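Student: Any chance you could fold what I've pasted below:
(chains A and B)
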2 protein chains.
Amino acid sequence: MSRTYEMQQSCPIARTLDVIGDRWTMLVVRDLLRGRTRYSDLLTSCAGISPNLLSDRLKTLEQHELVERVFYNDHPPRAEYRLTEKGAALGPAMRALFAWGERYAPRPAVEAT
Amino acid sequence: MSRTYEMQQSCPIARTLDVIGDRWTMLVVRDLLRGRTRYSDLLTSCAGISPNLLSDRLKTLEQHELVERVFYNDHPPRAEYRLTEKGAALGPAMRALFAWGERYAPRPAVEAT
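Tutor: Coordinates of the predicted model:
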């Protein structure tokens, strides 16, 4: 581990970003917080994410124990993704990012076609 | 603008991440919130950032009007960077990311050498 990385690691914000500091990861957490639990629903709600990227981000979230995969059907096997306490605890941060965007990053006007 | 991007833009979180959704940008905002104003101080406090990256992120923050450059000396010209109201309004989000990291992403133990 480099000295620089160690110095960064002393900051809780840097450590948080090590886990969720990627645009898609944050958007997947956002949608899990909104109650989406199925892969197919997440694929739709995270508009633009590819199946590979979504699988990868869900795997990472599982590895960090923010998400758990729960099987709700045996034949065929079907799983859903649920936030753990650790994952759900990102709610306040997500709400703060939401509030900032709503106030300071207005939706760009869509030109009439 | 693609349809997917337009759909994403309807979400304030996605719009916020369009502005600050990059690790270094967030860490620069963090340090500006902590009262660092000079380029050289930011270069030190954002351990590991390169001069080019720091200049680039500060320029982006200026373009988005989160930061303003204020000259405090004419000869030689010296500037400092200050958060605008829009930039300072990221405080609650940063504090929430800090709180999460402190609680759920403990600092890894550093091996004794």
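Student: so what's A:E85 up against?
Tutor: Residues counted as contacts of A:E85 (C-beta atoms under 8 Å, 6 or more residues apart in numbering or on different chains): none. In short, each C-beta sits where N, CA and C put it, glycine included.
Student: For burial, what's the neighbour tally of A:D74?
Tutor: A:D74 has 7 neighbouring residues, counting by other C-beta atoms under 10 Å in any protein chain shown.
Student: my bad, should have said A:R107
Tutor: There are 13 residues near A:R107, going by other C-beta under 10 Å.
Student: show me the contacts for the residue lying closest to it once chain neighbours are set aside.
Tutor: Spatial nearest neighbour of A:R107, chain neighbours left out: B:Q9 (5.8 Å); criterion: C-beta to C-beta, 6 or more residues apart in numbering or on different chains. Listed by C-beta under 8 Å, 6+ apart, the contact partners of B:Q9 are A:107-108, B:15, B:18.
Student: farthest-separated two in these?
Tutor: A:R107 and B:D18 (11.1 Å; C-beta to C-beta).
Student: how near is the residue nearest to the spatial centre of chain A to chain B?
Tutor: Central residue of chain A (C-alpha atoms, centre = their mean): A:V29, 2.6 Å from the mean position. According to C-beta to the nearest C-beta, to the nearest Å, A:V29 and chain B sit 10 Å apart.
Student: if I read this right, that residue contacts A:G87, doesn't it?
Tutor: Yes - A:V29 is within contact range of A:G87, at 6.6 Å (criterion: C-beta atoms under 8 Å).
Student: where do the contact lists of these two overlap?
Tutor: With C-beta under 8 Å, 6+ apart, A:V29 and A:G87 have common neighbours A:61, A:66.
Student: give me every residue that touches the closest residue to A:R38 other than its chain neighbours.
Tutor: Spatial nearest neighbour of A:R38, chain neighbours left out: A:E80 (5.4 Å); criterion: C-beta to C-beta, 6+ apart. Residues counted as contacts of A:E80 (C-beta under 8 Å, 6+ apart) are A:37-38, A:69-70, A:72.
Student: follow-up on the earlier one: buried ones from the contacts of B:Q9, can you make that a PyMOL selection?
Tutor: Buried members of those, defined by 16 or more other C-beta atoms under 10 Å in any protein chain shown, are picked up in PyMOL with:
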select buried, chain B and resi 15+18
